[in-house]
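Novice: one predicted model, sequence on top.
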Amino acid sequence: MLGRLKGMVRDGRGRLIAACAAVAVGLTAFAVGHAATETAALIKVRMGGDSAETRLVIDLDGATSAKIVSDGAADRRVVIMLPNVIAGQTQQGAGKGVVRAWMVDQVQGGARLQLELSGDARLKRRFLLPPADGVANYRYVIDVAASQPRAVMTSTTTVAAPPPPIRTQFVPVKKPALPLKKVVVIDAGHGGRDVGASGVAGFEKDVNLAAALSLADQLGKSGRYKVVLTRSSDVYVPLEDRVRVAQRAGADLFISLHSDSAPETNLKGASVYTLSDKASARATRFVSRDDWFMKASLSGDQGVRDILFDLTQRATRNRSAIFAQTLVSSIEGKAPMLRRSHRDAGFMVLLAPDVPAVLLEMGFVNNPEDEARLRDPAARTRLMRAVANAIDTHFGEQMKLASR
């Protein structure tokens, strides 16, 4: 059981009607008044077509509507929101024809479909097919067609310009590239007037920024990720703004880098934090106060929103915990670790209910050994390489699960 909602709503005659709903194994269903609103679980994604037109079919166990965010005309990327659809684990793969790659992931309010196009193309049509003719599930059908070649005028005739070449395979690289680039937001803790902890050689804020720039450089060179920094210089960024940077970027992962401090200078070692269960209520209050979650994409009945919020938050905490374990394993042997290296807390930067997030305390800046290691460029590079390897492993495992 993932969540349970009980509430009272009024029908058109003012009577109170009890409504309750439960979420189980990614499937939610409930009734409000005379109209029923259901969530639909994603079953699988199929694709076919050629260089002129490609059809993508999303099999669902219930009906859905859709909202077009981008039709592909501007940046060769089609983005479609499927409200109330439970995608579960991120699914993605190589495309066919005019679609180079596709990905379906869980975001606030439902599932998000992204198509990376091979050339100039745009969304042509979309429609929902109900169960029929021996097919037990719903099918949301999306057709993407190559743009018509523009005509080239000459003095005597009109000649159609040749269509741009369409790549159907990935360019080989040293390591297999992800079909769609994951968005990783790197947060250098503190900054500006907020100096953080103090060591013998300086402030925490400088150590955090140097590590963030090193990690960003390594991820950027790999070509697998879109990297976003909450700050790239010594400036002050409010904690709540750091969370919103991750949301606006559509982050697949948020990593906040810090350097610890303790009353005793003999304490040393790195540790990884994820959001605690007790802090989940704080996350809900944070969302309700600023309303950024509800304004983003949720609509319809309050009961649906509450259930999807709970589902999204739980799934995000699970993904955060999985990555934290991978990160700890990757760092071990590369840097000293605290005995209890995976911890939980209610840090503000971990509160986004839809962005998997971890906070890495890289060491104790007031410990002489840790501070020397944190300020050594070679040691810093090794540590950030371990973090980058953990990111590769994390998203690589997601791809394996999605392809099964």
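Specialist: Arrived safely, thanks for sending.
Novice: going forward, measure contacts between C-alpha atoms and count neighbours the same way
Specialist: Will do.
Novice: if I look at residue 320, how far off is residue 96?
Specialist: Taking Cα to Cα, to the nearest Å as the measure, residue 320 falls 32 Å from residue 96.
Novice: equivalent analysis for residue 373, please.
Specialist: Counting by Cα to Cα - residue 373 and residue 96 are separated by 48 Å.
Novice: all strands for the stretch 1-150 of the chain, in order.
Specialist: 3-10, 16-24, 27-32, 35-38, 40-49, 53-60, 67-71, 77-83, 85-86, 91-94, 99-107, 110-117, 121-129, 138-146 (DSSP state E, counting those that start in this stretch).
Novice: who has more neighbours, residue 373 and residue 96?
Specialist: For residue 373 versus residue 96, neighbours defined as other Cα atoms under 10 Å are more numerous around residue 96 (23 against 19).
Novice: number of nearby residues for residue 182?
Specialist: Using other Cα under 10 Å, residue 182 has 17 other residues around it.
Novice: quickly list what it is bridged to.
Specialist: Taking DSSP bridges as the rule, residue 182 bridges to residue 225.
Novice: quick one: pLDDT of it?
Specialist: Among the per-residue scores, residue 182 shows a pLDDT of 88.
Novice: so who does it touch?
Specialist: The contact partners of residue 182, taken as Cα atoms under 8 Å, 6 or more residues apart in numbering, are 224-226, 251-252.
Novice: which non-adjacent residue is nearest residue 116?
Specialist: Beyond its immediate neighbours in the sequence, the residue positioned closest to residue 116 (Cα to Cα, 6 or more residues apart in numbering) is residue 77, lying 4.7 Å away.
Novice: so what's the one you found up against?
Specialist: Contacts of residue 77 were listed using Cα under 8 Å, 6+ apart, and they are 70-71, 114-117.
Novice: which of those sits closest to residue 272?
Specialist: Using Cα to Cα, residue 114 is the member of the contacts of residue 77 that lies nearest residue 272, at 31.0 Å.
Novice: mind pulling up the pLDDT for that closest one?
Specialist: Residue 114 carries a pLDDT value of 89.
Novice: wait, it touches residue 82, no?
Specialist: No. Counting by Cα atoms under 8 Å, residue 114 stays clear of residue 82, with 11.0 Å between them.
Novice: with neighbour numbers in mind, choose between these two.
Specialist: Between residue 114 and residue 82, residue 82 has the larger neighbour count (other Cα under 10 Å), namely 24 against 21.
Novice: returning to what we had before: for residue 343, which of the strands of the stretch 1-150 of the chain is the nearest?
Specialist: Of all the strands of the stretch 1-150 of the chain, strand 3-10 comes closest under Cα to Cα, at 24.6 Å.
Novice: low-confidence bits of the stretch 201-350 of the chain, can you list those?
Specialist: 276-315, 344-350 (pLDDT under 70).
Novice: can you give me the strands in it?
Specialist: 225-229, 253-260, 270-275, 337-345.
Novice: quick one: strands adjacent to the third one?
Specialist: If you go by DSSP bridges, strand 270-275 pairs up with strand 337-345 (parallel), strand 357-364 (antiparallel).
Novice: and the ones you listed: which comes nearest residue 193?
Specialist: Closest to residue 193 of the strands paired with strand 270-275, according to Cα to Cα: strand 357-364, at 20.2 Å.
Novice: after that closest one, next one along is what?
Specialist: For strand 357-364, the following helix or strand on the C-terminal side (DSSP states H and E) is helix 368-375.
Novice: and the angle from that next one to strand 270-275?
Specialist: Counting by axes from the mean of the first three to the mean of the last three Cα atoms, to 10 degrees, helix 368-375 lies at 70 degrees to strand 270-275.
Novice: so which elements touch the helix or strand following helix 368-375?
Specialist: Sequence order places helix 377-403 as the next helix or strand after helix 368-375, per DSSP H and E. When contacts are defined as 3 or more Cα pairs under 8 Å, 6 or more residues apart in numbering; DSSP states H and E, helix 377-403 sits against strand 91-94, helix 204-222, helix 302-331, helix 368-375.
Novice: CSV please, covering these and showing distance to residue 396.
Specialist: As requested, the helices and strands packed on helix 377-403 are exported to CSV (distance: least, Cα to Cα, whole Å):
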stretch, distance to residue 396
strand 91-94, 11
helix 204-222, 14
helix 302-331, 12
helix 368-375, 28
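Novice: between these, which one is nearest to residue 104?
Specialist: With Cα to Cα, the closest approach to residue 104 among these belongs to strand 91-94: 5.3 Å.
Novice: partner strands of the closest one, parallel or antiparallel?
Specialist: For strand 91-94, using DSSP bridges, the partner strands are strand 99-107 (antiparallel).
Novice: and the partner strand with helix 377-403, angle?
Specialist: Using the same axes, to 10 degrees: strand 99-107 against helix 377-403 is 90 degrees.
Novice: list the contacts of strand 99-107.
Specialist: 54, 86-95, 111-118, 144, 167-169, 179-180, 312, 354.
Novice: ok, now how distant is the residue nearest to residue 200 when sequence neighbours are not counted from residue 272?
Specialist: Nearest residue to residue 200 in three dimensions, chain neighbours excluded: residue 366, at 6.9 Å (Cα to Cα, 6+ apart). Applying Cα to Cα, the value for residue 366 to residue 272 is 18 Å.
Novice: so which of the two has more stuff around it?
Specialist: More neighbours surround residue 366 than the other of residue 366 and residue 272, with 27 against 24 (other Cα under 10 Å).
Novice: pretty sure that one sits against residue 203.
Specialist: No. Residue 366 is beyond contact range of residue 203, at 9.6 Å (criterion: Cα under 8 Å).
Novice: joint contacts of these two?
Specialist: residue 197.
Novice: no further questions, thank you.
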